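> here is my input, please return the structure:
(2 chains)
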Amino acid sequence: NAGVIQTPRHKVTGKGQEATLWCEPISGHSAVFWYRQTIVQGLEFLTYFRNQAPIDDSGMPKERFSAQMPNQSHSTLKIQSTQPQDSAVYLCASSLVLGSAETLYFGSGTRLTVL
Amino acid sequence: AQKVTQTQTSISVVEKTTVTMDCVYETRDSSYFLFWYKQTASGEIVFLIRQDSYKKENATVGHYSLNFQKPKSSIGLIITATQIEDSAVYFCAMRDPYGSSGNKLIFGIGTLLSVKP
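Down below sits the predicted model:
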């Protein structure tokens, strides 16, 4: 079991450019979550999917952020027109089912730096 | 809205001693789930232990245990016989499926634990 895989580990973009972050959940896991981590805000929820369907995107900045899960083996988080305040570590997590007691398994994250 | 608060920014202890990390949460619901996660220096976040709100017994896993005080909305993490490798940032988190936050985990800001020889 390779765990949750996130690519790339590091990404540097210029202000106004687009960034796409990839996540491969643990095989067989039906729930996928995206979080953002910064020193100031800590771990912030962005969005999650269950069986590839978007369930809650209440944490997503509406205008420039979008997430998709085209199949059960990967999810993407796309940030258009990146801004310096988007700099953060973006974490993907998966769980076996979407249950209240279920443990989240986190990937190593993608560190996004917007210059 | 649900909220998780960790007031201790950092704690330093000598190895082999016991440390307690505090966490308080806010919810209007009677049924919810509380978690502790650990983030190592490499950035890896791993699950440590969980407490279900309807259980009166404090959860214990290895050298981790919880001090669950429901009337005080408090869920402290206790690490006994600390080791150097326990040095990390510890996050408290809550899932409140019947509240406005639904099935997402709400995290506290974290407590940095340093274990020294």
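
> below-threshold pLDDT in chain B: ranges please.
Along chain B, segments meeting pLDDT under 70 span B:101.

> and it, which of its residues are near chain A?
B:32-33, B:35, B:37, B:42-47, B:50, B:52, B:91, B:95, B:97, B:102-110 (C-beta under 8 Å from any C-beta of the partner chain). Just so you know, the C-beta spots here come from the backbone N, C-alpha and C atoms, and that holds for glycine as well.

> again, 7 Å this time
Contact residues (C-beta under 7 Å from any C-beta of the partner chain) of chain B with chain A: B:33, B:43-45, B:47, B:50, B:52, B:91, B:95, B:97, B:102-105, B:107, B:109-110.

> got a PyMOL select line for the buried ones in those?
In PyMOL syntax, the buried subset of the residues of chain B next to chain A is picked out as below (16 or more other C-beta atoms under 10 Å in any protein chain shown):
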select buried, chain B and resi 33+43+45+47+50+91+95+97+102+103+104+105+107+109+110
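
> which of the residues of chain B next to chain A fall within strands?
The members of these that map onto strands under DSSP state E are B:F33, B:I45, B:F47, B:R50, B:D52, B:F91, B:R95, B:G102, B:N103, B:K104, B:L105, B:F107.

> skipping its backbone neighbours, what lies nearest A:S30 in space?
A:N51 (5.2 Å; C-beta to C-beta, 6 or more residues apart in numbering or on different chains).

> for A:T82, give its distance to A:D57.
Between A:T82 and A:D57 the computed distance is 19 Å (C-beta to C-beta, to the nearest Å).

> of the two, who's got more company?
A:T82 (21 against 16; other C-beta atoms under 10 Å in any protein chain shown).

> what about that one, helix or strand, and which?
Of the helices and strands defined by DSSP states H and E, none includes A:T82.

> what's the burial count for residue 19?
Assuming you mean chain A. A:A19 has 21 neighbouring residues, counting by other C-beta under 10 Å.

> you looked at the wrong chain, it should be chain B
A count of nearby residues for B:V19, using other C-beta under 10 Å, gives 19.

> what's the answer for the one 5 residues further on, then?
Other residues within reach of B:V24, judged by other C-beta under 10 Å, total 17.
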